[in-house]
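> what follows is a predicted protein model with its sequence.
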Amino acid sequence: MASRRGLMFLLSNTFRAGAVGLRRNSRKFYRSGLILGITGGSLLGISTVSAKELVIGLSDEDDTALNLEEFMATPITPSAILETSSEMMHRMELLCLKVQGDVCREIERIEGTTKFKVDRWLKCEGIEGGGITCILEDGAVFERAGVNISVVSGNLRPEAVKSMNSQGRDLPVEETMTFSAVGVSSVIHPRNPMVPTMHFNYRYFEVNPDMSEKQWWFGGGSDLTPYYLNEKDAKHFHCTYKSACDMHGPSYYARFKRWCDDYFYIKHRCMRRGIGGIFFDDFKSKNADACFSFVKSCADAVIPSYFPLVQRHKNDPFGMREREWQLFRRGHYVEFNLLYDRGTKFGFTTPGARYESILMSLPPRATWRYCHEPSKGSEEAELLEVLRHPKEWVTV
């Protein structure tokens, strides 16, 4: 009897190890534990069903296991749901979690010693869900870098519906309307003025009007804001996104590059925020999987499009003149984000808005100078010329 109990104890722990192994994505460990357990169970007179119950809720299919170590924090949606669900909200949440983890690890690798502060938060005031804010500040390479994800649902306020309708949608303002949204967004402000600022955002949105069919769409993009123009950098950034777009549609890059130039326009200054990239909204078709695949390709392009530029210029020499110009141009960045950016406006109209996460996109330092114009023929003037008259950086 003692040996039987000992074997049962060993078998039970084998299953526990298999469960832990799966949660850590050590699938071979899990599989070997399951096979040994079922075999041992039959020898001990334990039914196969009872043996499987020792790993409740876990699947033996490789593609359903989550590697939680890839993520910066525990997902907002329970892992058991994310492992098995085919809902687009859940697929997009997994993509956002992975992109956030990959980008944060790349930033920490370049930064060296400074690490991200990770803040997992939950919504309130009638909004369900939450998000994960990752923020790194005062690093040697990055003055501020933030990578956020949010997974929220609730009721849309009338002002939010009106804002969405102003962009060409036709949603009923008077009806009660629920929404679900998931997205990842990031703004990276480097310390060296020779390294450009980079922004990306990829999101999925669903609305459910009363008595109407659910509507859904994707949106997002990536754009570059240099302080000093480097054509090699600009071409590299745009070529990377053109390659990502070309895998899904020959007209995508030209269409979304033009949309990006138009969207990031600072009206009161008659110039763009930066040298663009791609931008799209209301992206949908009869094939949601194809739309998701396109968004994934764009998100996968973030690291190869930007971080080689960081490595190339993070140690470039600069002086007070370059630093002051960087801070001045950051002021323009702030103006666009607070006055024109749709995401910022929507965030502030959402019940229970988390303002710290919304304002994470702003640089830690910026300046404004009265009626300042750089000297003609200067490098600063060269940049402004491109911001006022966008260039085609790659052949379409």
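The structure has been received and is ready for your questions. These numbers were taken from a predicted model, which means no experiment stands behind them.
> isn't there a strand covering residue 74?
No - in this structure, residue 74 is coil, not part of a strand, as judged by DSSP: H, G, I helix; E, B strand; the rest coil.
> am I right that it is in contact with residue 66?
No - the pair residue 74 / residue 66 is not scored as a contact, 10.4 Å apart, by CB atoms under 8 Å. Backbone N, C-alpha and C define where each C-beta goes, glycine included.
> in space, what's closest to residue 326 - neighbours in sequence excluded?
Distance criterion CB to CB, 6 or more residues apart in numbering; nearest residue to residue 326, sequence neighbours excluded, is residue 193 at 3.8 Å.
> check contacts around the one you found.
227, 228, 318, 322, 323, 325, 326 (CB atoms under 8 Å, 6 or more residues apart in numbering).
> name the SS class of it, please.
For residue 193, the secondary structure call by three-state DSSP comes out as coil.
> pLDDT wise, what is it at?
We note a pLDDT of 98 for residue 193 in this prediction.
> do residue 358 as well
83.
> what are the phi and psi values for it?
In terms of degrees, to the nearest 10, the main-chain angles of residue 358 are phi -60, psi -40.
> equivalent analysis for residue 139, please.
phi -80, psi 170.
> cool, residue 317 as well?
The phi/psi pair for residue 317 (degrees, to the nearest 10) reads phi -70, psi 150.
> how close does it get to residue 139?
For residue 317, the distance to residue 139 equals 19 Å [CB to CB, to the nearest Å].
> neighbour count winner among residue 74 and residue 66?
Higher neighbour count among residue 74 and residue 66: residue 66, with 18 against 12, using other CB atoms under 10 Å.
> wait, that one touches residue 84, no?
No - Residue 66 is beyond contact range of residue 84, at 10.4 Å (criterion: CB under 8 Å).
> state the pair within the contacts of residue 193 that is farthest apart.
Farthest-apart pair in the contacts of residue 193 is 228 and 323; separation 11.7 Å (CB to CB).
> which stretches of the stretch 51-200 of the chain have low pLDDT?
Within the stretch 51-200 of the chain, the stretches with pLDDT under 70 are 51-64, 124-126, 157-176.
> now the helices for the stretch 251-396 of the chain?
Using DSSP state H, counting those that start in this stretch, the helices of the stretch 251-396 of the chain run over 252-263, 288-300, 302-313, 320-339, 342-349, 355-358, 379-388.
> got those helices as JSON lines, with distance to residue 369 and mean neighbour count columns?
JSON lines is the format used below for the helices of the stretch 251-396 of the chain (distance: least, CB to CB, whole Å; neighbours: other CB atoms under 10 Å):
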{"stretch": "helix 252-263", "distance to residue 369": "26", "mean neighbour count": "19"}
{"stretch": "helix 288-300", "distance to residue 369": "36", "mean neighbour count": "17"}
{"stretch": "helix 302-313", "distance to residue 369": "25", "mean neighbour count": "18"}
{"stretch": "helix 320-339", "distance to residue 369": "6", "mean neighbour count": "18"}
{"stretch": "helix 342-349", "distance to residue 369": "24", "mean neighbour count": "16"}
{"stretch": "helix 355-358", "distance to residue 369": "27", "mean neighbour count": "15"}
{"stretch": "helix 379-388", "distance to residue 369": "12", "mean neighbour count": "16"}
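> residue 273: which of these is closest?
helix 320-339 (4.8 Å).
> let's see that closest one as CSV, backbone CA atoms only.
Taking C-alpha atoms only, helix 320-339 is exported to CSV below (Å, rounded to 0.1, in the frame of the first residue of the first chain):
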residue,chain,number,x,y,z
MET,A,320,23.2,72.9,-27.2
ARG,A,321,21.9,74.1,-30.6
GLU,A,322,20.7,70.6,-31.6
ARG,A,323,19.2,70.0,-28.2
GLU,A,324,17.2,73.3,-28.2
TRP,A,325,15.9,72.5,-31.7
GLN,A,326,14.8,69.1,-30.5
LEU,A,327,12.9,70.6,-27.6
PHE,A,328,11.3,73.2,-29.9
ARG,A,329,10.2,70.5,-32.4
ARG,A,330,8.8,68.5,-29.5
GLY,A,331,6.5,71.4,-28.8
HIS,A,332,5.0,70.9,-32.2
TYR,A,333,4.5,67.2,-31.3
VAL,A,334,2.6,68.2,-28.2
GLU,A,335,0.4,70.6,-30.1
PHE,A,336,-0.7,67.9,-32.6
ASN,A,337,-1.4,65.3,-29.9
LEU,A,338,-3.5,67.6,-27.7
LEU,A,339,-5.3,69.5,-30.5
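> chain center to that helix: distance?
24 Å (CA atoms, centre = their mean, to the nearest Å).
> 38 is where my numbering starts, stick with that
With 38 as the first residue, the last one maps to helix 357-376.
> got the angle for it vs helix 379-386?
For helix 357-376 against helix 379-386, the angle between stretch directions is 60 degrees (axes from the mean of the first three to the mean of the last three CA atoms, to 10 degrees).
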